[in-house]
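Student: Take this sequence and fold it.
(one chain, ligands or ions: 2)
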Amino acid sequence: MREKLLVENLVKVFGEDPGRAVRMLESGRSKPEILEETGMTVGVSGVDFTVREGEIFVVMGLSGSGKSTLIRMINRLIDPSSGNIMIDGESITEANDDALRRIRRDKLAMVFQHFALFPHRSVRENVEFGLKTRGIVPRERRARAMEMLEQVGLEAWAEATPGALSGGMQQRVGLARALAVDPEVLLMDEPFSALDPLIRADMQGELLQLQHKLKKTIVFITHDLDEALILGDRIAIMEEGRFVQVGTAEEIVADPASDYVAAFTRDIDRGRVFTAESVMAPAEALDLAQDAPQTALERMERLGRDALYVEEGGTLTGVVRYRDLAAATRINGANLRGQVITDYPTVAADTHLHRMFRLCASGLPVAVLDREGRLAGVAEPDAVFGQLAPRENGGGAPETRMQG
Ligand SMILES: Nc1ncnc2c1ncn2[C@@H]1O[C@H](COP(=O)(O)OP(=O)(O)O)[C@@H](O)[C@H]1O
Ligand SMILES: [Mg+2]
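Tutor: Ligands and ions are numbered 1, 2, ... in the order given. Predicted coordinates for the structure are as follows:
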């Protein structure tokens with residue numbers, strides 16, 4: 001995928017002499033040391049990352065870790081102290097006023113935590129706002145705004161004022177307003193943090209659905225790891241102005257880079273993060289036409305498996321269990337075919353483990369199928385449940401639900 005945003009060694013220091021603080025950072029001094037010695041606050045401290053086109057890149061961290069400062073530098077609501085930000089290969093940090101105006105107009109839109117709607121204007125007028133400042137004529141503005149309101153399910157509320165709407169609905173208006181200008185990059189600073197948990201879950205689902213259609217490049221800020229795991233194609237964990245880890249949900253939960261990250265991940269629902277693929281072992285399938293029962297038993301013993309799948313001419317036909325086969329071979333004339341169970345559990349490789357519990361109850365290994373329906377591997381029930389148990393870690397527990 002193409003790189004949409006590139007951020008290099010980005011620093012923001014709030015205070016009298018940012019240059020001095022930057023030099024102190026470069027010589028390895030910490031945010032608390034710099035505050036103590038100079039009274040200056042390090043907001044963001046040498047952050048590097050890229051965001052690919054069409055990706056949801058989530059930045060997750062506690063309150064005060066620098067998330068808002070970071071996202072506001074991307075559209076230069078805050079000017080960086082040093083470092084570089086590029087969009088489509090053009091520098092935002094070095095852009096002059098004209099170039100910056102053009103980049104903001106053509107490429108960027110922002111959604112805030114507090115919806116920042118005009119209370120005295122109708123929902124439709126709020127959505128039209130960005131189009132008006134772009135000089136689009138009223139008829140076209142109106143049509144575009146109605147189209148966006150339809151996307152977020154609020155066309156019936158077009159002529160109401162925001163005050164008549166619930167928090168979740170107001171944030172949908174905020175989203176419609178941002179999307180109305182058809183930005184390439186959507187910057188979202190804790191857009192759902194002020195909402196009730198159920199509404200919030202709805203909004204997360206809706207954002208994913210919208211994104212499926214619109215395929216924007218999104219930078220999404222949250223202080224909630226569950227939200228990060230649900231939304232992020234990749235997630236950056238931020239602490240004291242730095243990124244301490246960047247990766248997919250699976251990568252971060254499977255292998256937290258520090259005690260700090262481990263402590264965050266300890267309480268999450270691992271069944272919603274890991275997929276069948278993460279616990280998949282080679283199928284070691286038997287060939288129904290070739291393999292004798294004795295071959296099958298020996299292979300299971302060697303691999304420590306209770307059952308193996310069987311294929312015939314490359315097609316999956318079923319599964320045989322050790323105990324059935326061992327019992328049958330004590331009777332003369334047993335063959336493999338007579339012991340094949342044809343009612344067996346299957347999943348796609350990207351199925352989350354929490355959807356596999358019922359399938360595991362059969363005790364049979366679950367057949368993991370590729371996109372063509374071929375056997376890609378097996379997920380043993382023990383491997384599924386083993387993956388759900390949190391790993392040992394030494395980290396103290398940060399408060400993951402503080403307001404950001
Ligand atoms: N305008 C400002 N002046 C001084 N310090 C600021 C300013 N804005 C943010 N900070 C400080 O920068 C750090 C990061 O803040 P912020 O980016 O708002 O964090 P977050 O969004 O993760 O809660 C905090 O220590 C905060 O106090
Ligand atoms: Mg913030």
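Student: So which residues of the stretch 1-150 of the chain form strands?
Tutor: Using DSSP state E, counting those that start in this stretch, the strands of the stretch 1-150 of the chain run over 3-14, 41-52, 56-61, 82-87, 90-91, 108-111.
Student: Deepest-packed of the ones you listed, please.
Tutor: Comparing the strands of the stretch 1-150 of the chain by mean neighbour count (mean count of other Cβ atoms under 10 Å), strand 56-61 ranks first with a mean of 25. Yep, even glycine has a C-beta here, placed from its N, CA and C like the rest.
Student: Pairing partners for it, with directions?
Tutor: Using DSSP bridges, strand 56-61 pairs in its sheet with strand 217-222 (parallel), strand 234-239 (parallel).
Student: Please tabulate the ones you listed in a markdown table, including the columns distance to ligand 1 and mean neighbour count.
Tutor: What follows is the strands paired with strand 56-61, written out as a markdown table (distance: least, Cβ to the nearest ligand atom, whole Å; neighbours: other Cβ atoms under 10 Å):
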| stretch | distance to ligand 1 | mean neighbour count |
| --- | --- | --- |
| strand 217-222 | 7 | 26 |
| strand 234-239 | 7 | 23 |
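Student: What distance do you get for the closest residue to A249 other than its chain neighbours to I56?
Tutor: Closest residue to A249 apart from its sequence neighbours, by Cβ to Cβ, 6 or more residues apart in numbering: L229 at 4.4 Å. As judged by Cβ to Cβ, to the nearest Å, L229 and I56 stand 11 Å apart.
Student: go on, A156?
Tutor: For A156 relative to I56 (Cβ to Cβ), the value is 29 Å.
Student: Show me the strands in the stretch 251-400 of the chain, by range?
Tutor: In the stretch 251-400 of the chain, the segments counted as strands under DSSP E, counting those that start in this stretch are 286-287, 307-312, 315-321, 346-348, 366-369, 375-379.
Student: So which of those is nearest ligand 1?
Tutor: Closest approach to ligand 1 among the strands of the stretch 251-400 of the chain (Cβ to the nearest ligand atom): strand 346-348, 36.9 Å.
Student: helices and strands around the closest one, which ones?
Tutor: Secondary-structure packing of strand 346-348 (3 or more Cβ pairs under 8 Å, 6 or more residues apart in numbering; DSSP states H and E): strand 366-369.
Student: quick one: the lowest-mean-pLDDT helix or strand in the chain to chain centroid distance?
Tutor: Lowest by mean pLDDT, DSSP states H and E among the helices and strands of the chain is helix 259-265, with a mean of 88. Remark: helix 259-265 is offset 17 Å from the chain centroid, using Cα atoms, centre = their mean, to the nearest Å.
Student: Can you tell me which helices and strands it packs against?
Tutor: Looks like helix 259-265 contacts strand 234-239, strand 242-247, helix 249-254 (3+ Cβ pairs under 8 Å, 6+ apart).
Student: List the buried residues of it.
Tutor: Within helix 259-265, the residues scored as buried using 16 or more other Cβ atoms under 10 Å are Y260, V261, A262, A263, F264, T265.
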